[in-house]
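# Starting from these lines, generate the structure:
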Amino acid sequence: MVKQIILKSRPVGFPTAGNFEIREIEIPELTTGQVRLIPHTISVDPYLRGRMNDGPSYVAPFQVGEPMAGGAIAMIKESRAEGYETGRYVMGFLPWQEEIVIEAKGLNVLDDSIAPLSFYLGVLGMPGLTAWFGLEEIGNLKNGETIVISGAAGAVGIVAGQLAKLRGCRVVGIAGDDAKVKYLLDELNFDAAINYKTSPDLYKAISEACHNGVDVYFDNVGGEISDTVISQINKFARIIICGQISLYNLTSIPVGPRVQGTLLKKSALMQGFIVSNYAERFPLVGSGKLKYTNTTYHGFEKLPEALMALFEGKNLGKLIVEL
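The predicted structure follows:
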C-alpha cells in the first residue's frame with residue numbers, strides 16, 4: 001500500500017488543509033511499456049489552484065476524490081519499457097503519490113550531470129520556458145528599454161529578469177518582502193526592486209524606478225499592482241500576461257480600471273499566453289549564465305502545506321517538495 005493525496009473538496013477562496021486527504025492504495029504489477037517510479041521532487045505551481053475549481057479553463061480540472069497531480073521528477077525503480085533503465089531519473093506529469101506505475105511513453109529521461117535535478121522543474125523546465133517565450137514572442141525586447149516584472153522573485157520572474165538584463169534592458173522587479181528585494185538587487189543585479197507591501201505610494205515608487213516610463217511589463221500577479229504599472233506604460237509598450245496569482249483565490253470578480261483606453265492611447269499590445277502554446281519548440285539547454293534558487297519543503301505529506309504557502313508568498317524562486 002502507498003499513500004496518495006486526493007482533492008477532498010473544492011476550495012472556496014484560499015485552499016485549506018481540509019480540501020486535501022491522504023489515502024492508501026495498492027499499486028498494480030508492471031505490464032509491457034510501463035515503469036514503476038519513486039518520486040524524487042514534486043513541483044508546486046500556481047496553476048494547480050485553477051485546476052481545483054470546477055470550471056472551463058485551458059486544462060481540465062482535478063476531480064474530487066481523485067489524486068492531485070503536477071510536474072515531478074522520479075527515479076525508475078522497475079522497468080518494462082525499452083529506453084527507460086532502472087535507476088535513471090525521469091520527468092513527467094505525475095499524481096501526488098509515494099509510488100507510481102505508469103506508461104513510460106511521454107516521460108522524459110533526464111541527464112543529472114547538467115544541473116541539479118530540481119532545476120528541470122525550474123530554470124530548465126516550465127518556468128524557464130515560460131520566461132523565454134513570454135519575452136521572445138510578446139516582449140520583443142530592445143536594448144535600453146525598461147521592463148517591469150511583478151512576482152519578480154518567483155520561479156518565472158527571476159528567469160525573466162535575468163534574460164532581460166542579458167538583452168541590455170533596465171529591469172525593475174516588484175516583490176512582497178525585503179528579503180526578496182535584496183535577492184533581486186544583490187544576487188540577480190536588477191536595476192531596481194520594490195516591496196509593494198511596504199511602499200506607501202506604489203505609483204510613485206514605480207515612477208521613480210522607471211525614469212523613462214515602462215516599455216515592457218511581465219505580469220505574473222494582476223490586480224492593483226498591474227493597474228498601477230499599466231498606468232505608466234510608454235507608447236508601443238508590450239504587456240505580457242503570464243499569471244494573475246492575486247486573483248486566483250477570490251470568490252467574486254473584482255472591478256478595476258478599464259485598460260482599453262490606455263492601450264488605445266499608447267498603441268500598446270497586451271497578450272496572454274500559456275507556455276504549452278509553444279510545446280513544439282521547447283528546447284532544453286543550460287547556458288550557465290542564469291542563477292536560480294528553490295524554496296524546498298521536505299516530505300510527501302508537506303505537499304498541501306507547500307501549495308498553500310505559494311499563495312501566501314512564502315517562496316523565493318521555485319517552490320518544490322523533495323521526497
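# rounded to a whole number, what's the mean pLDDT of stretch 118-133?
Per-residue pLDDT values over stretch 118-133 give a mean of 92.
# just stretch 215-224 next, same as before
Stretch 215-224 shows a mean pLDDT of 97.
# what's in contact with stretch 186-201?
The contact list for stretch 186-201, computed with C-beta atoms under 8 Å, 6 or more residues apart in numbering, reads 152, 158, 161-162, 165, 170-178, 180-181, 184-185, 202, 205-206, 209-210, 225, 291. Where C-beta positions appear, they are placed from N, C-alpha and C, glycine not excepted.
# Tell me which of the residues you listed fall in helices.
Counting by DSSP state H, the contacts of stretch 186-201 place 158, 161-162, 165, 178, 180-181, 184-185, 202, 205-206, 209, 225 in helices.
# buried subset of the contacts of stretch 186-201?
152, 158, 161-162, 165, 170-177, 180-181, 184, 202, 205-206, 209-210, 225 (16 or more other C-beta atoms under 10 Å).
# End to end on stretch 174-182, go ahead and measure it.
End-to-end span of stretch 174-182 (C-alpha to C-alpha, to the nearest Å): 11 Å.
# before we move on, what about stretch 142-151?
22 Å.
# Identify the residues contacting that stretch?
By C-beta under 8 Å, 6+ apart, stretch 142-151 touches 139, 141, 157, 160-161, 164, 167-175, 206, 209-221, 225-226, 229, 243, 245.
# could you redo the last one with a cut-off of 6 Å?
Contacts to stretch 142-151, defined as C-beta atoms under 6 Å, 6 or more residues apart in numbering, come from residues 157, 160-161, 164, 168-174, 210, 214-221, 225, 229.
# pLDDT (mean, whole number) over that stretch?
Mean predicted confidence for stretch 142-151 is 98.
# Flag every buried residue along it.
Under the neighbour-count criterion of 16+ other C-beta under 10 Å, stretch 142-151 has 145-151 buried.
# Closest to residue 27 out of the residues you listed?
Each of these was checked against residue 27 using C-beta to C-beta; the closest is residue 151, at 37.7 Å.
# where does residue 38 fall, helix, sheet strand or coil?
strand (DSSP: H, G, I helix; E, B strand; the rest coil).
# nope, residue 70 is what I meant
Of the three states, residue 70 takes strand according to three-state DSSP.
# who's in contact with it?
43, 48.
# which residues pair with it across the strands?
Residue 70 has these beta-bridge partners by DSSP bridges: residue 94.
# before we move on, back to that, and the buried residues of stretch 142-151, which of them are in helices?
Among these, DSSP H puts none in helices.
# wait, which of these is closest to residue 317?
When these are compared for distance to residue 317 (C-beta to C-beta), residue 151 comes out closest, at 11.3 Å.
# Start from the N-terminal end of the stretch 151-300 of the chain and give the strands.
Here the stretch 151-300 of the chain has its strands, by DSSP state E, counting those that start in this stretch, at 170-175, 192-195, 214-219, 233-241, 269-272, 294-298.
# Tally up the residues packed near residue 138, please.
19 (other C-beta atoms under 10 Å).
# ok but it is inside a helix, no?
Yes: Residue 138 forms part of a helix when assessed by three-state DSSP.
# Identify the residues contacting it.
Applying C-beta under 6 Å, 6+ apart to residue 138 gives the contacts 238, 240, 271.
# How much space separates it from residue 216?
Distance check for residue 138 against residue 216: by C-beta to C-beta, to the nearest Å, it reads 9 Å.
# list the residues that contact both of these two?
residue 238.
# Just put the buried residues of stretch 142-151 in TSV and tack on distance to residue 21.
As requested, those are arranged in TSV below (distance: C-beta to C-beta, whole Å):
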residue	distance to residue 21
145	49
146	47
147	43
148	41
149	37
150	34
151	30
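# In strands, which of the residues you listed appear?
146-150 (DSSP state E).
# Between these, which sits nearest residue 129?
Distances from residue 129 to these, taken by C-beta to C-beta, are shortest for residue 149, at 16.3 Å.
# Which residue comes closest to that closest one once chain neighbours are left out?
Once flanking residues are discounted, residue 149 sits nearest to residue 218: 4.4 Å by C-beta to C-beta, 6 or more residues apart in numbering.
# With residue 212 instead?
Nearest non-adjacent residue to residue 212 (C-beta to C-beta, 6+ apart): residue 146, at 6.1 Å.
# swap in residue 122?
Nearest non-adjacent residue to residue 122, counting by C-beta to C-beta, 6+ apart: residue 318, 3.9 Å away.
# Tell me, how many residues neighbour residue 312?
Neighbour tally, residue 312, other C-beta under 10 Å: 9.
# quick one, what contacts it?
Going by C-beta under 6 Å, 6+ apart, the list of residues near residue 312 is empty.
# Of the buried residues of stretch 142-151, which is the nearest to residue 93?
Nearest to residue 93 among the buried residues of stretch 142-151, with distances taken as C-beta to C-beta, is residue 151, at 23.0 Å.
# what about the closest one, distance to residue 119?
Per C-beta to C-beta, residue 151 is found 19 Å from residue 119.
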